[in-house]
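Chemist: this one's sequence-less:
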């Protein structure tokens, strides 16, 4: 028996299975689309469209700001420069002491004494 | 490259055109819903699944670029993936759910008369492994060609034919008693 002849019954079975399945599936009732589902899907579209409009407005605004700061640069460049500046500023603020806490170099410390006021020393009590 | 009949509508949807969205929905919703209804055990789940697929469409339409795959293929693949996700989350309800689907279907008079037969077919379909069920439904219920069905399922044509052969054989064995009707 050749291979072709051997496959003959198998192919006939497969064809018969296909016809049978086609026939039984055609007995299934058609599926009606509920109008509430259509309305809900369109409501989803309206929400997505509104969000898309907001995103495109936001994108245009950020494009304008980006071009003002660094024309032609991709968004990450000014963002990285800004972030680095912020970090350097914060580190400097935390590590380097402020000049109004320390005396300036070479400054002479002075103390004033007023002779026309009563001394703070009470002889009766302190001696 | 073949002309994609949906390409223009998808581009318009991407620009926020509601009429295009409505036209795209009218074109695909009935078939997507019937596929989801036969894949999933419950009506509400099928509706959720289709709704989710359309939401994906609305959010991706602006980024859609016509390429090798047809838009329709992508859309049905998304729908089927939604079905698979739901099937993995919940166990199949089986015969009762299948009967409920057939009984609640507001179909024509002939379909109502055949409700019992439809319920049996639904039940046999529900028992098929999900990929075999999808292959059988795409080729026999939605009458798609093997190449298109294979693209939707993301498998080779040979793999699709194997899924089909096994699915048909199982269905025929389970529904052998219907042969004489």
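Modeler: Alright, I've got the coordinates. This structure is a prediction, so every number in the text was calculated from the model and none was measured.
Chemist: In chain A, where is pLDDT below threshold?
Modeler: Along chain A, segments meeting pLDDT under 70 span A:1-10, A:53-54, A:56-57, A:98-115, A:117-127.
Chemist: who are the neighbours in contact with the closest residue to residue B:6 other than its chain neighbours?
Modeler: Here the nearest residue to residue B:6 in space, its sequence neighbours aside, is residue B:71; by CB to CB, 6 or more residues apart in numbering or on different chains that works out to 4.1 Å. For every residue, glycine as well, the C-beta is placed using N, CA and C. Taking CB atoms under 8 Å, 6 or more residues apart in numbering or on different chains, we find residue B:71 in contact with B:4, B:6-7, B:10, B:64.
Chemist: let's see it at 10 Å
Modeler: Counting by CB atoms under 10 Å, 6 or more residues apart in numbering or on different chains, residue B:71 makes contact with B:4-7, B:9-10, B:24, B:28, B:57, B:61, B:64.
Chemist: quick check: longest helix of chain A.
Modeler: helix A:35-69 (DSSP state H).
Chemist: Now do the buried residues in that helix.
Modeler: Neighbour counts over helix A:35-69 (16 or more other CB atoms under 10 Å in any protein chain shown) mark A:37, A:41-42, A:44-45, A:48-49, A:52, A:66 as buried.
Chemist: just those residues that are near chain B?
Modeler: Near chain B, judged by CB under 10 Å from any CB of the partner chain, the entries from the buried residues of helix A:35-69 are A:37, A:41-42, A:44-45, A:48-49, A:52.
Chemist: Format those residues as a markdown table; extra columns: distance to residue B:163.
Modeler: Output for those, formatted as a markdown table (distance: CB to CB, whole Å):
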| residue | distance to residue B:163 |
| --- | --- |
| A:37 | 29 |
| A:41 | 30 |
| A:42 | 35 |
| A:44 | 32 |
| A:45 | 34 |
| A:48 | 34 |
| A:49 | 38 |
| A:52 | 38 |
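Chemist: Which two of the residues you listed have the greatest separation?
Modeler: A:37 and A:52 (22.4 Å; CB to CB).
Chemist: what's the distance between residue B:53 and chain A?
Modeler: Per CB to the nearest CB, to the nearest Å, residue B:53 is found 9 Å from chain A.
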